[in-house]
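K.L.:
Below: sequence and its predicted model.
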Amino acid sequence: MEIISFSDIYQHITLSLILVVAITWSDAIKAKLSSLSFFKSINGLFLQAVVITFVIFVILIGMSVIFKELEKTEKK
């Protein structure tokens, strides 16, 4: 008997990490718009937001693979 399924756990963690990405991009866009210079100092918050987005994407893909394997073994 399972209390919570792997897909539910994955969904909750995914939504949490998506919120982290959204907040990061929000701060980056806010800072960029406040400076009013077109792509001035792009190496700042935008680069950080891109890196964080990539890292979280890799984490989500890894979690998806792990949870799919765990579901397969659980069904056997």
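P.N.:
Everything's here; your move.

K.L.:
So, low pLDDT: which residues of this protein?
P.N.:
1-2, 30-45, 48, 76 (pLDDT under 70).

K.L.:
In terms of helix, strand or coil, where does Ile52 fall?
P.N.:
Secondary structure assignment for Ile52 (DSSP: H, G, I helix; E, B strand; the rest coil): helix.

K.L.:
what about it, how many neighbours?
P.N.:
17 (other Cβ atoms under 10 Å). No exception for glycine: its C-beta is placed from N, CA and C like everyone else's.

K.L.:
ok, for it, nearest residue in space, not its chain neighbours?
P.N.:
Nearest non-adjacent residue to Ile52, counting by Cβ to Cβ, 6 or more residues apart in numbering: Thr24, 5.0 Å away.

K.L.:
Touching, that neighbour and Thr53? I think so.
P.N.:
Yes - when contacts are counted by Cβ atoms under 8 Å, Thr24 is listed as touching Thr53 (7.3 Å).

K.L.:
Return the distance of whichever strand or helix holds the residue nearest to Ile52 from the chain's centre.
P.N.:
Using DSSP states H and E, Thr24 falls within helix 6-35. Centroid separation for helix 6-35 versus its chain: 6 Å, with Cα atoms, centre = their mean, to the nearest Å.
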